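[1] Model the structure of this input:
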Amino acid sequence: MPQATAALFNREKTEAVIMAGYLAPGQPSCLGECIPVAGNPAAQHLLIHKTPLVSEEAQADLRQAALHDLLRRQGIVSLLLLPLLADDEVEGWLGIEATEPRTFSPEEIDLAQRVAAQVSGLLVRVRLEEQRRRLEEQFLQAQKMEAVGRLAGGVAHDFNNLLTVIHLSTRFLERKLHPEDPLWTYVQRIQDAGQRASGLTRQLLAFSRREVITPHVLDLNQVLNELDTMLRRLIGEDIELIMHLADGLWPVLCDPTQIEQVVINLVVNARDAMPNGGRLIIETANVVLDATYAIQHLEVKPGDYVLLAISDNGVGMNDEVKAHLFEPFFTTKEKGQGTGLGLATVFGIVKQNQGHISVYSEVGLGTTFKIYLPRTAEQALIPTTHLPQIMTSRGSETLLLVEDETRLRELMRDILLSQGYQVLTARDGLEALQIAEAYLGPIHLLLTDVVLPRLNGKELADRLCISRPNMQVLFTSGYTDNVIAHHGVLHKGVHFLAKPFELDTLARKVREVLDIARQQQIEGSASPPIH
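    Numbering: from 1, shown residues only. Below is the predicted model of the structure:
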């Protein structure tokens with residue numbers, strides 16, 4: 001035969017693209033030509049019947065109408081189309097082409113089918129190699145993001161200790177100064193800088209999936225409707241906001257504050273990508289990610305998900321930008337226009353909530369972020385009646401304070417002493433055990449950091465509560481370690497104070513925990529604290 005071509009369907013099987021060809025001398029190349037599948041009886045025959053199609057008068061054959069222009073340009077008179085099969089799926093066709101009238105014998109068709117089978121086998125191997133390479137890239141990217149996350153979480157944890165010292169020290173200074181004092185302005189500047197630094201550490205903790213979260217059963221549509229007015233103010237009048245919210249949306253189990261943070265960050269990102277105005281579309285839908293999708297995306301488990309998609313028709317992104325999109329401090333904005341933590345925060349929040357995020361973007365055409373959150377079987381929680389808020393933060397109980405950062409330990413001790421408490425201090429878990437064993441009086445509250453040398457806070461609490469079952473426990477940390485939290489979600493009944501904290505916050509939280517225990521004792525329902 002004078003010539004042959006091979007075409008492959010796209011993933012949606014809406015068109016076929018000619019990928020290879022052996023052409024007769026002098027014939028123009030047809031590589032890259034797109035052939036529509038809709039309204040193409042020849043392509044439909046191959047997809048449905050998976051059998052060869054013979055056209056001895058191809059240019060007059062109505063089944064080949066979609067190919068007539070190409071056939072005339074290539075001078076093709078007779079044509080044999082054979083399906084290329086991979087795992088019993090038609091992935092394209094092999095065309096055997098004659099430039100003169102030709103009858104194909106059964107032996108020739110059989111031989112051509114065996115050639116097509118060999119081409120199909122090669123196609124399968126190429127596809128498997130592409131899939132292996134794609135999965136390797138995903139694995140390496142996941143490893144890189146995990147390593148960066150551990151680094152970011154560790155930095156944020158240590159930095160939070162320093163910020164707590166700064167916050168508490170400046171609060172002490174405030175109490176000793178009057179607003180008219182020349183030093184008052186400098187103290188306020190330190191406080192403002194500390195607050196901004198605290199915001200950065202919270203974003204790093206979100207990225208590293210070590211942020212403290214309180215998940216609730218949520219209807220994403222309700223969250224988006226409540227944000228609608230604020231989002232329209234945020235994007236301005238030159239950007240049109242369109243919402244397509246699916247009816248009967250499945251519930252998800254997420255922290256509502258985090259979901260709002262995700263939406264706002266993505267909307268701001270979309271707004272900045274449309275400096276001259278444009279269209280912003282927010283969509284929700286119920287979707288099922290099957291095993292096929294999961295095979296192509298390492299971090300995805302098959303199952304029911306709720307889709308949140310945010311799309312813009314802005315400037316779009318190239319492949320190099322997309323490769324670094326979720327890394328902390330990576331930004332394409334001008335200096336001073338952003339920290340590079342917005343999308344890193346989104347990534348961390350989605351992962352912390354067991355979700356999946358993907359991005360589709362082309363330069364000049366816009367960007368779509370798709371977030372998949374697992375459907376939950378839990379029912380909406382009924383709000384519980386909270387104890388009346390205790391206005392005073394003073395007390396006289398005995399506390400055991402365990403903190404390995406010396407300056408922070410001393411500051412916390414001074415604050416608690418100023419509130420009237422008796423305070424025992426220890427620098428690590430083993431020292432705290434020794435102090436508790438030697439102290440004969442009651443210890444009403446153990447206030448301990450989670451991450452301690454030699455013996456961590458959870459292990460310390462477990463051991464002390466055996467001999468002191470009525471002692472309450474308040475954990476504090478720059479991030480929630482797995483010793484008290486699973487994937488960043490605190491167990492019910494655990495009292496926790498996140499660093500950095502303010503002077504009044506510490507005193508109020510200590511008083512709150514002690515008063516809860518007192519109220520339980522009064523009601524006769526006191527039980528050993530949960531750790």
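[2] Show me the chain divided up by domain.
    According to automatic domain parsing, the chain is divided into the following domains: 3-104, 139-207, 216-374, 398-522.
[3] Those into TSV, with extra columns for distance to residue 133?
    C-betas here are computed from N, CA, C, even on glycine. Below are the domains of the chain laid out as TSV (distance: least, Cβ to Cβ, whole Å):
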stretch	distance to residue 133
domain 3-104	17
domain 139-207	11
domain 216-374	12
domain 398-522	30
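[4] Mind putting these into CSV with distance to residue 117, mean neighbour count and mean pLDDT?
    Shown next, in CSV, are the domains of the chain (distance: least, Cβ to Cβ, whole Å; neighbours: other Cβ atoms under 10 Å; pLDDT from 0 to 100):
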stretch, distance to residue 117, mean neighbour count, mean pLDDT
domain 3-104, 8, 17, 84
domain 139-207, 33, 17, 70
domain 216-374, 24, 17, 81
domain 398-522, 48, 18, 82
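[5] Which one of the ones you listed lies nearest to residue 114?
    Residue 114 lies closest, by Cβ to Cβ, to one member of the domains of the chain: domain 3-104, at 9.8 Å.
[6] Just give the closest residue to the most centrally placed residue in the chain, not the sequence neighbours.
    Nearest to the geometric centre of the chain sits residue 350, at 2.7 Å (Cα atoms, centre = their mean). Nearest residue to residue 350, sequence neighbours excluded (Cβ to Cβ, 6 or more residues apart in numbering): residue 357, at 4.6 Å.
[7] State the next helix or strand along the chain beyond the strand or helix carrying that neighbour.
    In this structure, residue 357 sits in strand 356-362 according to DSSP states H and E. Proceeding N to C from strand 356-362, the next assigned helix or strand is strand 366-374, under DSSP H and E.
[8] Report the angle between that following strand and strand 356-362.
    Counting by axes from the mean of the first three to the mean of the last three Cα atoms, to 10 degrees, strand 366-374 lies at 170 degrees to strand 356-362.
[9] what residues does the helix or strand just after strand 366-374 touch?
    As assigned by DSSP H and E, the chain's next helix or strand after strand 366-374 is strand 398-402. Strand 398-402 has contacts (Cβ atoms under 8 Å, 6 or more residues apart in numbering) with 409, 412-413, 416, 421-429, 431-432, 435-436, 439, 441-449, 452, 457, 460, 464, 510.
[10] Neighbouring strands of strand 398-402 in the sheet, and parallel or not?
    Strand pairing for strand 398-402, using DSSP bridges, gives strand 422-426 (parallel), strand 445-449 (parallel).
[11] Quick one, which of those gets closest to residue 52.
    With Cβ to Cβ as the measure, strand 445-449 is the member of the strands paired with strand 398-402 nearest residue 52 (73.4 Å).
[12] Using PDB, list the CA coordinates for the following helix or strand past the closest one.
    Following strand 445-449 in sequence order, the next helix or strand is helix 457-467 (DSSP H and E). Written as PDB, here are the backbone C-alpha positions of helix 457-467 (Å, rounded to 0.1, in the frame of the first residue of the first chain):
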ATOM      1  CA  GLY A 457       3.200  16.700  77.300                       C
ATOM      2  CA  LYS A 458       0.700  14.000  76.500                       C
ATOM      3  CA  GLU A 459       2.800  11.300  78.200                       C
ATOM      4  CA  LEU A 460       3.400  13.500  81.200                       C
ATOM      5  CA  ALA A 461      -0.400  14.200  81.500                       C
ATOM      6  CA  ASP A 462      -1.200  10.500  81.300                       C
ATOM      7  CA  ARG A 463       1.300   9.600  84.000                       C
ATOM      8  CA  LEU A 464       0.300  12.400  86.400                       C
ATOM      9  CA  CYS A 465      -3.400  11.800  86.100                       C
ATOM     10  CA  ILE A 466      -3.000   8.300  87.500                       C
ATOM     11  CA  SER A 467      -1.900   9.600  90.900                       C
END
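[13] Now do helix 457-467 against strand 398-402, angle only.
    Using the same axes, to 10 degrees: helix 457-467 against strand 398-402 is 150 degrees.
[14] Return the list of helices and strands in contact with helix 457-467.
    Here helix 457-467 touches strand 398-402, helix 429-438, strand 445-449, strand 472-477, going by 3 or more Cβ pairs under 8 Å, 6 or more residues apart in numbering; DSSP states H and E.
[15] again, only this time at 6 Å
    If contacts are counted by 3 or more Cβ pairs under 6 Å, 6 or more residues apart in numbering; DSSP states H and E, helix 457-467 sits against helix 429-438, strand 445-449.
[16] Format those as TSV; extra columns: distance to residue 194.
    As requested, the helices and strands packed on helix 457-467 are exported to TSV (distance: least, Cβ to Cβ, whole Å):
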stretch	distance to residue 194
helix 429-438	29
strand 445-449	20
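[17] out of those, which comes closest to residue 288?
    Among these, strand 445-449 comes nearest to residue 288, with 43.5 Å by Cβ to Cβ.
[18] Taking helix 429-438 as reference, get the angle to the closest one.
    Angle between the axes of strand 445-449 and helix 429-438 is 170 degrees (criterion: the same axes, to 10 degrees).
[19] Could you tell me how far strand 445-449 lies from the centre of the chain?
    Put simply, strand 445-449 sits 33 Å off its chain's centre (Cα atoms, centre = their mean, to the nearest Å).
[20] Report the beta-bridge partners for residue 445.
    Counting by DSSP bridges, residue 445 is bridged to residue 399, residue 472.
[21] can you list contacts of the strand holding residue 357?
    Contact with strand 356-362 is made by 300, 316, 317, 350, 367, 368, 369, 370, 371, 372, as judged by Cβ atoms under 6 Å, 6 or more residues apart in numbering.
[22] how far away is the fourth one from residue 411?
    The one in question is residue 350. According to Cβ to Cβ, to the nearest Å, residue 350 stands 36 Å off from residue 411.
[23] ok, now the fifth one?
    Counting by Cβ to Cβ, the gap from residue 367 to residue 411 is 46 Å.
[24] Likewise for the last one?
    In this structure, residue 372 lies at 44 Å from residue 411, with Cβ to Cβ as the measure.
[25] repeat for the third one
    According to Cβ to Cβ, residue 317 and residue 411 sit 46 Å apart.
[26] nearest to residue 518, of the strands paired with strand 398-402?
    Among these, the nearest to residue 518 by Cβ to Cβ is strand 445-449 (11.4 Å).
[27] So what touches that closest one?
    Residues from elsewhere that reach strand 445-449 (Cβ under 6 Å, 6+ apart): 399-403, 457, 460-461, 471-474, 476-477, 514.
[28] Equivalent analysis for stretch 408-416, please.
    Outside stretch 408-416, the residues that touch it by Cβ under 6 Å, 6+ apart are 161, 164, 165, 168, 401, 403, 423, 425, 503, 506.
[29] Farthest pair within these?
    Using Cβ to Cβ, the pair of the contacts of stretch 408-416 lying farthest apart is 161 and 423, separated by 18.8 Å.
[30] CA atoms of whichever strand or helix holds residue 510 as PDB?
    In this assignment (DSSP H and E), residue 510 forms part of helix 503-522. C-alpha atoms of helix 503-522 as PDB (Å, rounded to 0.1, in the frame of the first residue of the first chain):
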ATOM      1  CA  LEU A 503      -1.400  37.900  78.500                       C
ATOM      2  CA  ASP A 504      -5.200  38.100  79.100                       C
ATOM      3  CA  THR A 505      -5.800  35.100  76.900                       C
ATOM      4  CA  LEU A 506      -3.600  32.900  79.100                       C
ATOM      5  CA  ALA A 507      -5.200  34.000  82.300                       C
ATOM      6  CA  ARG A 508      -8.700  33.700  80.900                       C
ATOM      7  CA  LYS A 509      -8.100  30.200  79.500                       C
ATOM      8  CA  VAL A 510      -6.600  28.900  82.800                       C
ATOM      9  CA  ARG A 511      -9.600  30.200  84.700                       C
ATOM     10  CA  GLU A 512     -12.000  28.700  82.200                       C
ATOM     11  CA  VAL A 513     -10.600  25.200  82.500                       C
ATOM     12  CA  LEU A 514     -10.600  25.400  86.300                       C
ATOM     13  CA  ASP A 515     -14.200  26.700  86.300                       C
ATOM     14  CA  ILE A 516     -15.400  24.000  84.000                       C
ATOM     15  CA  ALA A 517     -14.000  21.300  86.400                       C
ATOM     16  CA  ARG A 518     -15.600  23.100  89.300                       C
ATOM     17  CA  GLN A 519     -19.000  23.200  87.600                       C
ATOM     18  CA  GLN A 520     -18.800  19.500  86.800                       C
ATOM     19  CA  GLN A 521     -18.100  18.700  90.400                       C
ATOM     20  CA  ILE A 522     -21.000  20.800  91.500                       C
END
